[in-house]
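Peer 1: Provide a 3D model corresponding to the input given below.
(one chain, ligands or ions: 1)
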Amino acid sequence: MEVGAGSGTVTRWLADNVGDTGHVVATDIETTWLRALDAPNVQVLRHDVATDALGESVNDLICARLVLAHLPDPRAIVDKLLRALVPGGWLLVEEYDLASLLISYPPDGTWRKVAAAPGGILRMGGGDPYMGAKLTGILHAAGTADVDTEAVALPRRMPQVPSWQTQFVQFRERLIDAGLVSPAEVDKVIADFDDETCDPVIYGPTLVSARGRKP
Ligand SMILES: C[S@@+](CC[C@H](N)C(=O)[O-])C[C@H]1O[C@@H](n2cnc3c(N)ncnc32)[C@H](O)[C@@H]1O
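Peer 2: Have a look, this model is predicted:
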């Protein structure tokens, strides 16, 4: 099962791997993109993981990527996901830790301030920019066995990550309107991504993957 499957990239991978004899359930509160999957071994379910029932001891594996950070009580959601696993089944949860977004080498005050702004927006909407760092503790507290965690960040020179620049272009007005950055600050960062002579290395967000088994 994938919970909060979005456009279904992970669901597609799961469907390929479980093959003809396996079965994948993909859930989301918005299933428009998932409906395009059209694989015989995938069942798409409109489902709110915070409020709808999920069943007991039915799934061998449950994945949830970039979902918990948006929900008010992630520990309760993890408890619910564990209940829906068969004994011995695996839970995989993945979330960003945006703390690494502030890192640059050499350090740069403007980058630090502008890079902190997306986390501020997430927090204003009730989200948690540091959920990735909390996953290990949540899995332990929920009684999950064999907990293991990995984290990946991708340090890059600014001119080499135009896709990260796009995020700041898209969110420019929101970051300014929220009072988190000035137009000059965000515009300097956007311009730095285009400057081949601009050498700071930035880390980007860290994607934390935590897994554990239902005892
Ligand atoms: C940032 S997207 C991640 C999508 C996908 N997991 C991925 O990694 O590509 C968050 C997804 O969680 C879904 N979502 C948010 N709240 C949810 C809820 N209460 N129950 C189920 N899905 C939810 C959203 O609709 C969205 O598709």
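Peer 1: Backbone dihedrals for the residue in the chain that the ligand sits nearest to, please?
Peer 2: Nearest residue of the chain to the ligand: Gly6, at 2.5 Å (CB to the nearest ligand atom). No exception for glycine: its C-beta is placed from N, CA and C like everyone else's. Dihedral pair for Gly6: phi 60, psi -120, per degrees, to the nearest 10.
Peer 1: separation between it and Pro162?
Peer 2: 23 Å (CB to CB, to the nearest Å).
Peer 1: Which one's more surrounded, those two?
Peer 2: Shown here are Gly6 and Pro162; by other CB atoms under 10 Å, Gly6 has more neighbours (16 against 11).
Peer 1: which residues touch the more buried one?
Peer 2: Neighbouring residues of Gly6 by CB atoms under 8 Å, 6 or more residues apart in numbering: Asp28, Trp33, Leu34, Leu66.
Peer 1: try Val25
Peer 2: So Val25 contacts Met1, Glu2, Val42, Gln43, Val44, Leu45, Asn59 (CB under 8 Å, 6+ apart).
Peer 1: number of nearby residues for the third one?
Peer 2: Residues near Val42, counting by other CB under 10 Å, number 21.
Peer 1: distance of it from Asp16?
Peer 2: Applying CB to CB, the value for Val42 to Asp16 is 10 Å.
Peer 1: Then the second one?
Peer 2: Glu2 sits at a distance of 13 Å from Asp16 (criterion: CB to CB).
Peer 1: One more: Arg211?
Peer 2: According to CB to CB, Arg211 and Asp16 sit 20 Å apart.
Peer 1: More neighbours: which of the two?
Peer 2: Legend: neighbour count by other CB under 10 Å for Arg211 and Asp16, higher for Arg211 (19 against 12).
Peer 1: give the contact list for the residue lying closest to the more buried one once chain neighbours are set aside.
Peer 2: Nearest non-adjacent residue to Arg211, counting by CB to CB, 6 or more residues apart in numbering: Leu92, 4.6 Å away. Leu92 is in contact with Leu61, Ile62, Cys63, Ala64, Ser209, Ala210, Arg211, counting by CB under 8 Å, 6+ apart.
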